[in-house]
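> okay, sequence plus prediction incoming.
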Amino acid sequence: MKSASLACRVAALAGLLAFAEASHSHHHSHDHRTQHLRTPTEEGDLAVQKRGGQCQFPTDAGLVAVTPDSDNAGWAMSPDQKCTPGSWCPYACPAGQVSMQWNPKATSYTYPLSMDGGLYCDEDGNMQKPFPDKDYCVDGTGTVSAVNKAGQALSFCQTVLPGNEAMLIPTLVEDTATLAVPGPSFWLSTAAHFYINPPGTGTEGCIWGTNANPIGNWAYFVAGANTDSTGNTFVKIGYNPVVQEASTPFRDTPATFGVEITCDDDAGCNGLPCKIDPSVNALNEVTSNESSDGAGGAAYCVVTVPKGKSANLYSIVNFFSHNHVSQPKLSQLNKHLKHLKRIKLDSKLDHIHSDQLFFLFHVIL
C-alpha cells in the first residue's frame, strides 16, 4: 500500500522534479543567453505604450524592477543584458504572484522557446502583450508560506521561467511571506523553483553570483512548489546540486541555518518529516522517510499538501554543537552566562545549555 502511494506521488511530481533537473543541467549556460527573435501571434499583438525610448520596462504595471540601473533596466534578465527590438523580455511579479505572459508558440519546455517569457519588443521598440486578455501577474495558489525563524531577514530567489532560469525574482522574508506557487494555468503547468539565501542576505542576493559566497545560484538550499489540477500542492526542499561539486570551496562547510516543511496538524500532509538541519544532518543529508537524490546527487524530500490545505517552509538557525564553536566564543559564552546569572535575568537560564546561549547571542548581538 505504501509503495503504491509513493508511486502515485512520484508520478504526480514528474513536472516538479523534471524542472529541477533541467534547471541544474543548464546551470552554467543560462546566465548570459540572448533572447531569440520570434514574434507573438497576430491575435495576441497589443502594443504597450512606449516610454521614453525603445523596449522600456513598464513602470506603471505593478511589476518588480530587477536591477533597474543596469543594462537590463528592470527586466528579469541578466544585469548586462538589454531588452532589444525583436526579443522577448521577461519581468518579475510581486511576491506571491506569477507571470501570465509568454510566447504563445512556447508549447514545450525546450530551448530556445523556454526563454520566451514576458513581453515582446517589436522592431519599432514597442512592447507587445501576447495575451491582452490576461493580467501581467496573478496570485499564485497561496498554499505555501515562507516563515523566517532565523532572527535576520533572508530572501527566496525565484528563477525566471519562461526565461533564462536565473534566480532573479526576489521575495524578502522578514517574518512570513507568501511564495509564488503556480497552478495548472501557469506556463506548461511547471513548478516554481527557489534558491534560499542565508539569514542576513536580502534581495540583493538574488543574483547569478560566484562560488566565493553561498548566495544566489550558489545558495546551500533550493525549494520548489506547484499545485496540480486536482488541487494537491507539492513542496520540495533540497541541497543545491552545485554545492556538491568538487570545485565548490564551501562544499564541506555546513550551512549556518536549516529549512523545514511543516503543515497544520489536521492538514493530512504526506511526506513529513521533511527537514534539513545541519546541526543534526550530515552534509547532503535530509530528515525524511522518503528522501531521494536528484541532479548532481543532491538530496531532497517532498511533501504533498492536500487540496484546501497549506504548508509552511521554515528557515531556522542552527543550535550549534560544541564542535562548531571556537574556544574564544566558548569563553565569551561563559562570561555572558555568569553575567546573566549575576543579574538574575531569568532563573531558568541555569538550565539552558551553552549551545542554546550561543544561538541567543548570535542572533541578538
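Yes, it's here. Numbers count the residues shown, from 1 in each chain.
> what about stretch 65-80, average pLDDT?
For stretch 65-80, mean pLDDT is 98.
> check stretch 216-236 too.
The model assigns stretch 216-236 a mean pLDDT of 98.
> go on, stretch 183-201?
The average pLDDT for stretch 183-201 rounds to 98.
> give me the distance from that stretch to the chain's centre.
Centre-to-centre, stretch 183-201 and its host chain are 5 Å apart (C-alpha atoms, centre = their mean, to the nearest Å).
> residues near Tyr314, how many?
18 (other C-beta atoms under 10 Å). (Each C-beta comes from the backbone N, C-alpha and C, glycine too.)
> ok, the closest residue in space to Pro214 that isn't next to it in sequence to Glu204 distance?
Leaving out its chain neighbours, the residue that sits closest to Pro214 by C-beta to C-beta, 6 or more residues apart in numbering is Tyr220, at 5.3 Å. Tyr220 sits 18 Å away from Glu204, going by C-beta to C-beta, to the nearest Å.
> with neighbour numbers in mind, choose between these two.
Between Tyr220 and Glu204, counted using other C-beta under 10 Å, the more crowded position is Tyr220 (24 against 12).
> Lys82 versus that one, what's the distance?
Taking C-beta to C-beta, one finds Tyr220 at 32 Å from Lys82.
> shouldn't Asn217 be within a helix?
Yes. Per DSSP: H, G, I helix; E, B strand; the rest coil, Asn217 lies within a helix segment.
> list the contacts of the closest residue to Ala150 other than its chain neighbours.
Excluding the flanking residues, the one nearest Ala150 by C-beta to C-beta, 6+ apart is Pro199, at 3.9 Å. Neighbouring residues of Pro199 by C-beta atoms under 8 Å, 6 or more residues apart in numbering: Asn148, Ala150, Gly151, Gln152, Ala153, Leu154, Thr256, Phe257, Ser315, Val317.
> extract the C-alpha trace of the helix or strand harbouring Val303 and format it as PDB.
In this structure, Val303 sits in strand 299-305 according to DSSP states H and E. The C-alpha trace of strand 299-305 is given here as PDB (Å, rounded to 0.1, in the frame of the first residue of the first chain):
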ATOM      1  CA  ALA A 299      19.500  15.000  -1.500                       C
ATOM      2  CA  TYR A 300      15.900  16.300  -1.300                       C
ATOM      3  CA  CYS A 301      12.500  15.500   0.200                       C
ATOM      4  CA  VAL A 302       9.000  16.200  -1.000                       C
ATOM      5  CA  VAL A 303       5.700  16.900   0.900                       C
ATOM      6  CA  THR A 304       2.200  16.600  -0.700                       C
ATOM      7  CA  VAL A 305      -0.300  19.100   0.600                       C
END
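> any idea which helix or strand comes after it?
Strand 299-305 is succeeded, C-terminally, by strand 311-317 (DSSP H and E).
> partner strands of that following strand, with direction?
strand 144-149 (parallel), strand 257-263 (antiparallel) (DSSP bridges).
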